[in-house]
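Asks: missing the sequence, but the structure's below:
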Ligand SMILES: [Zn+2]
Ligand SMILES: [Zn+2]
């Protein structure tokens, strides 16, 4: 039996597998991209993913990082890579060293410190780019984007040999193209992410929304989380095809979260929005 009963959302050829309850645990893996956003308590089903993109050090997002690394080695896999805010790497190394003492075995790890604007290569054409969030010192979100080369319009229609000839002459026949696939905000208070075009145009946006009652607006600000009214404001300027809501709370029952979300968002935005932990609403056809 796997350790977690993960929520699953399929969007075209991508599976989002995750669990996200504020203060308890947040982790979302996308096996096809080989990335896991945050690591939660390291669900069994996500250990085979080779890259964890950690947004900040809060326990509900990071508790399982050492277990994740250890389980990969235990299962005969390569050492895991954890990309994390650069200011956390020292503490993470200390934790790994302490676990090494307790366990009696060194835990192989590839820890990569990242700052807003930095990129980390996942696959030959796939990169994770960090951007700043407002939650804890150094906290970041991540955009996973494909980098492709596209033939310039003036050369479309040329034959293979003609293209080879041009290349031999040193002609730049293509131009770089970035395709933002998925952006994950992690935990954050409201930031105008519309100013970051690669986040605003990602096919999929994974956004937190922790507070749903009007009187909780100040608590959202104090905890550096997003309130439903701020989420509605943010989504009004975003162009994502799919929006996934994470970091809901046990305090607000799911039917209430659904009702408030539907009331706060324009119908066309609500129609493309899915609450990760809303297992009922997700029974609908996957092509929405
Ligand atoms: Zn959290
Ligand atoms: Zn947090």
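Replies: Perfect, thanks for sending it. Remember, it's a predicted structure, so these values are computed and weren't measured experimentally. Ligands and ions are numbered 1, 2, ... in the order given.
Asks: Tell me how far residue 50 lies from ligand 1.
Replies: Taking Cβ to the ion, to the nearest Å as the criterion, residue 50 is separated from ligand 1 by 24 Å. Every residue, glycine included, has its C-beta placed from N, CA and C.
Asks: Quick check: phi and psi at the most centrally placed residue in the chain.
Replies: The central residue of the chain, meaning the one whose C-alpha is nearest the mean C-alpha position (Cα atoms, centre = their mean), is residue 184 at 3.3 Å. The main-chain torsion angles of residue 184 are listed as degrees, to the nearest 10 and equal phi -120, psi 120.
Asks: what does residue 187 give?
Replies: For residue 187, the backbone dihedrals are phi -90, psi 130 (criterion: degrees, to the nearest 10).
Asks: quick one: pLDDT of the closest residue to it other than its chain neighbours?
Replies: Using Cβ to Cβ, 6 or more residues apart in numbering and skipping residues adjacent in sequence, the residue nearest residue 187 is residue 135, 4.5 Å away. At residue 135, the predicted lDDT confidence score is 96.
Asks: what does the one 5 residues further on give?
Replies: At residue 140, the pLDDT value in this model is 98.
Asks: The residue lying closest to it once chain neighbours are set aside pairs with what?
Replies: Computed as Cβ to Cβ, 6+ apart, the closest residue to residue 140 that is not its neighbour in sequence is residue 130, at 4.1 Å. For residue 130, the beta-bridge partners are residue 142 (DSSP bridges).
Asks: Residue 130 touches residue 145, doesn't it?
Replies: No: Residue 130 is not in contact with residue 145 according to Cβ atoms under 8 Å; the separation is 11.8 Å.
Asks: For the stretch 1-150 of the chain, what lies in contact range of ligand 1?
Replies: Applying the criterion Cβ under 5 Å from the ion, the portion of the stretch 1-150 of the chain that neighbours ligand 1 consists of residue 60.
Asks: Give me the phi and psi angles of the residue of the stretch 1-150 of the chain found nearest ligand 2.
Replies: Closest residue of the stretch 1-150 of the chain to ligand 2, Cβ to the ion: residue 58 (3.5 Å). Backbone dihedrals for residue 58, given as degrees, to the nearest 10, come out at phi -60, psi 140.
Asks: That one: how many residues sit nearby?
Replies: The criterion is other Cβ atoms under 10 Å. On that basis, residue 58 has 17 neighbouring residues.
Asks: Start the count at 837 instead of 1 going forward.
Replies: Shifting the count to begin at 837 puts that one at residue 894.
Asks: For the helix or strand hosting residue 964, name the packing helices and strands.
Replies: Applying DSSP states H and E as the criterion places residue 964 in strand 962-968. Packed against strand 962-968 by the contact rule (3 or more Cβ pairs under 8 Å, 6 or more residues apart in numbering; DSSP states H and E) you find strand 917-921, strand 955-959, strand 976-987.
Asks: got a list of what the residue nearest to residue 1030 when sequence neighbours are not counted touches?
Replies: The shortest distance from residue 1030 to any residue other than its chain neighbours is 3.9 Å, reached at residue 1073 (Cβ to Cβ, 6+ apart). Residue 1073 makes contact with 1028, 1030, 1036, according to Cβ atoms under 8 Å, 6 or more residues apart in numbering.
Asks: pLDDT score assigned to residue 1073?
Replies: The per-residue confidence score, pLDDT, reads 95 for residue 1073.
Asks: ok, so what distance separates residue 1110 from residue 936?
Replies: 40 Å (Cβ to Cβ, to the nearest Å).
Asks: Looking at these two, which one has more neighbours?
Replies: Applying other Cβ under 10 Å to residue 1110 and residue 936 shows that residue 1110 carries more neighbours, namely 18 against 15.
Asks: neighbouring contacts of the strand or helix carrying the more buried one?
Replies: Element membership for residue 1110 (DSSP H and E) is strand 1109-1111. Counting by Cβ under 8 Å, 6+ apart, the neighbours of strand 1109-1111 from elsewhere in the structure are 845, 1071, 1078-1081, 1084, 1090, 1093-1094, 1097, 1101, 1117-1118.
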